[in-house]
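Peer 1: predicted model, plus sequence, below.
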Amino acid sequence: MHERQFTSRALSLTVGLATLAAAGRASAQSGAKVLTPPKPADTAARQPVATRSTTANTPGTTAPSAARPPITVPQTPVLDSIRGVVFHSLLDRDRSGFATLASAFCLALSNDDYKKASTSADRVDASESLVRRVASPRTPTRRASTCTFSANTPGRPVMGRALLYTVGAIDLSDDRAEAAASYNYDGYSAGGFTFSVERSDSGWVVKQWRQEWTGKPNGP
């Protein structure tokens, strides 16, 4: 009888110890979950703001812009022949009305159609051969980059300013062409033209022209 009671108590003790061991393991596993380190994404989110680039998102800031490349104006013997007769018409006929006041006659080329006033200053010098071809004793022409233009300040005299002539886009079709052109009397007055030219036995000639606009710009 005593032996059976002892055996029953031994079994109860064994079961109790097994239950405690299982509970311990469960508790240890539960504790391991609580102590799991933060995920990499959480760690990155806690990095100091100073380590991140904020320039692109800061109001009022812009990324540095690349320098504008120089423009390219097509130049061929045919195009230069058309430009030559347009420059002649601008200079000899004084299409701007300022030739008698100008101190210098400056020639340039561009790709603009000059249908309306533009703030673009994208232009290049006319070639030296073209400048010499259209020069005359009354209009001693020069490349635009050799001319000096001044600010259009109040009270500045009208006489003696540099007169800039520019031949722009040329639409060529067989023996006819339309050429855009403009003048700028050093910020005092400016305007745009369209010239219709045709090829003849003696070369290109101006058939007609029209003024597209005129105005008072801030500068050439």
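Peer 2: Yep, that arrived.

Peer 1: shaky segments in the chain?
Peer 2: For the chain, residues meeting the criterion pLDDT under 70 lie at 1-68, 218.

Peer 1: can you give me the helices for it?
Peer 2: For the chain, helices defined by DSSP state H occupy the ranges 2-34, 40-45, 77-92, 128-134.

Peer 1: residue 175 contacts residue 201, doesn't it?
Peer 2: No. Here residue 175 lies out of contact with residue 201, judged by Cβ atoms under 8 Å, at a distance of 11.0 Å. To be clear about C-beta, it is placed using only N, CA and C from the backbone, and glycine gets the same treatment.

Peer 1: settle it for me: which of these two has more neighbours?
Peer 2: residue 175 (10 against 4; other Cβ atoms under 10 Å).

Peer 1: beta partners of the closest residue to that one other than its chain neighbours?
Peer 2: Distance criterion Cβ to Cβ, 6 or more residues apart in numbering; nearest residue to residue 175, sequence neighbours excluded, is residue 199 at 4.0 Å. Beta-bridge partners recorded for residue 199 (DSSP bridges): residue 204.

Peer 1: residue 199 and residue 163: what is the separation?
Peer 2: 29 Å (Cβ to Cβ, to the nearest Å).

Peer 1: try residue 206
Peer 2: Taking Cβ to Cβ as the measure, residue 206 falls 19 Å from residue 163.

Peer 1: looking at the two, which is more packed in?
Peer 2: Counted by other Cβ under 10 Å, residue 206 and residue 163 do not tie: residue 163 has more neighbours, with 27 against 17.

Peer 1: quick one: contacts for residue 133?
Peer 2: By Cβ atoms under 8 Å, 6 or more residues apart in numbering, the contact list for residue 133 reads residue 84.

Peer 1: likewise residue 120?
Peer 2: 110, 112.

Peer 1: what are the phi and psi values for it?
Peer 2: phi -70, psi 140 (degrees, to the nearest 10).

Peer 1: do you know how far residue 213 is from residue 162?
Peer 2: Distance of residue 213 to residue 162, given as Cβ to Cβ: 21 Å.

Peer 1: kindly report the same for residue 76.
Peer 2: Per Cβ to Cβ, residue 76 is found 28 Å from residue 162.

Peer 1: more neighbours: those two, which one.
Peer 2: Counting neighbours by other Cβ under 10 Å for residue 76 and for residue 162 shows that residue 162 has the greater number, 21 against 10.

Peer 1: that one touches residue 107, doesn't it?
Peer 2: No. Using Cβ under 8 Å, residue 162 makes no contact with residue 107, being 11.2 Å away.

Peer 1: hmm, residue 161 and residue 101 touching each other?
Peer 2: Yes. If you go by Cβ under 8 Å, residue 101 and residue 161 touch, sitting 7.1 Å apart.

Peer 1: shared neighbours, those two?
Peer 2: With Cβ under 8 Å, 6+ apart as the test, residue 101 and residue 161 both reach residue 185.

Peer 1: out of these two, which sits in the more crowded spot?
Peer 2: Taking other Cβ under 10 Å, residue 101 and residue 161 do not tie; residue 161 has more neighbours (25 against 15).
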